[in-house]
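[1] just to be clear, the model below is a prediction. Sequence and coordinates:
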Amino acid sequence: MLPIIAMHCFSCSYPESLPHLGCGQIPPILSASKRPTISISRQSLLKWVSPTYTHTQPLPITGSSRVRISWIPCLPSRKGGMAVALAATNGLQRQGEPEESLEEEELYFVEGKLLSELSTWGIGGPAKYFVELHTEPQLLAALRCCHKHNLHFLILGRGSNCLFDDRGFDGCVMLNQINFIEKINPATYRVGSGYAFNLLGLQCSKDGFTGLEFASGIPGTVGGAVFMNAGADGQETADVLKSVEVIMVDGRRRVFQRPELTFSYRKSPFQGMQHFAAIVAATFELKPLPSSRQHQKAYLERRYKTQPISERSAGCVFRNPTTTTHSAGAIIEQAGLKGVMLGGAKVSEVHANFLINVEKSTSTDMRSLIKFVKDQVREKVGVELHEEILYVPYN
């Protein structure tokens, strides 16, 4: 049995509770989940978790006759590959802390989440730990947890430009679901970093504002778009950015105004910023344009005609070279590489800068194909290609 126990919900000490639950190895994650939950009596819970249970063994929880439990996939246990997370239901909390703040910080961790399920490429092994974050307090709590237990962490949006390792990630992957949107004024939008970038582009265009029409074709999040300075069709994220709210690894919150930040092609200052942890929100300032919706529709139509939308890809793999006016896709096609396949990875026949997963490609397959394309382009065309995707190593 492998329970994850939220210490702040219990009056007993953590080690004292283990014998009563018949526990084996305990992972270094100590937060409870608030969904999905059911209510269960102490006796029923103990019968479930411990084959040696007797009625003389009290469950070491005070303040409530019932506890809340959450089923977490992927953790080994005596029944059905599940684990139990415990939390008191009668409002027990840390001394002096409002009850609602406890709810905000509750986290739901799982072990062994396949990163292939979080990547548009469909590639990647299991994460040691995985958690979804819906609020800034949850993000801060997760960062504290990783710092306390010396865990590497990765904050992920849609996984639309990441190539994960076949072995997975030896740390904690945090899925950013901070997805609010609010209008500061008619032309200014403050948006959570987990908000879908394509939905933002669509919304702004429908509202009659220009600057983010291209975003409607980008399958990432606002945070990822800011971090990579995503762009297309002559537009870039940084062009309409007003400010960025970030969290540093020590928990400090900082707000950067646009004049403080230097962006370039697919580059942002956050990529090399010391002690940077995550983008929390961004504010965009747009300009009115009655034809913005028509521009957005025209961009999407071109995209559907010229890109392999239905395939598993990470979008354009290579940056457009600065040494020539030709795009990376045109140069790869010039080298005669359309349709080339290594393992399960293939150069798209629709757009040569898209490398697609067609037959259960591994990370090794995709890396091999990327290297092959770079070598061939260098040899045949004399151009050095550079990736715009991010490699996520195992550790």
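    Everything's here; your move.
[2] report the rounded mean pLDDT for stretch 286-293.
    Here stretch 286-293 scores 96 as its mean pLDDT.
[3] what does stretch 347-359 give?
    Stretch 347-359 shows a mean pLDDT of 97.
[4] likewise stretch 203-213?
    What stretch 203-213 shows for mean pLDDT is 96.
[5] show me the contact partners of that stretch.
    Stretch 203-213 is contacted by residues 181, 186-187, 189, 200-201, 215-216, 233, 235, 237, 239-240, 284, 286-290, 292-293, 295-296, 299 when judged by CB atoms under 8 Å, 6 or more residues apart in numbering. For the C-beta atoms, the positions are set from N, CA and C on the backbone; glycine is no exception.
[6] number of residues surrounding Ile279?
    27 (other CB atoms under 10 Å).
[7] coming back round to it: just the buried subset of the contacts of stretch 203-213, please.
    187, 189, 200-201, 215-216, 235, 237, 239-240, 284, 286, 292-293, 295-296, 299 (16 or more other CB atoms under 10 Å).
[8] where do the strands sit along the stretch 101-250 of the chain?
    Ranges of strands within the stretch 101-250 of the chain are 109-110, 127-133, 152-156, 162-164, 169-176, 181-185, 188-192, 209-210, 231-232, 235-236, 241-248, based on DSSP state E, counting those that start in this stretch.
[9] can you tell me the centre-most residue of this structure?
    Leu156 (1.9 Å; CA atoms, centre = their mean).
[10] got the contact list for it?
    When contacts are counted by CB under 8 Å, 6+ apart, Leu156 touches Leu118, Cys162, Val173, Met174, Leu175, Asn176.
[11] and the pLDDT for it?
    Taking Leu156 on its own, its pLDDT is 95.
[12] same deal with the one 5 residues further on?
    Listed pLDDT for Asn161 reads 91.
[13] pretty sure it contacts Tyr391?
    No. Here Asn161 lies out of contact with Tyr391, judged by CB atoms under 8 Å, at a distance of 10.4 Å.
[14] between the two, point out the one with more neighbours.
    Set Asn161 next to Tyr391 and count neighbours by other CB under 10 Å: Asn161 wins out with 26 against 12.
[15] continuing past the longest strand along the chain, what's the next helix or strand?
    Longest strand of the chain, by residue count under DSSP state E: strand 276-285. Using DSSP states H and E, the helix or strand that follows strand 276-285 towards the C-terminus is strand 287-288.
[16] on that earlier part again, buried deepest among the strands of the stretch 101-250 of the chain, which one?
    strand 162-164 (a mean of 25; mean count of other CB atoms under 10 Å).
[17] for that strand, which outside residues touch it?
    By CB under 8 Å, 6+ apart, the surrounding residues in contact with strand 162-164 are 115-116, 119, 121, 123-125, 156, 314, 363, 366-367, 389-392.
[18] cool, and stretch 234-248?
    Against stretch 234-248 from outside (CB under 8 Å, 6+ apart): 136, 139-140, 143, 188, 211-215, 225-226, 228-231, 253-258, 261, 263, 265, 268, 270, 275-286.
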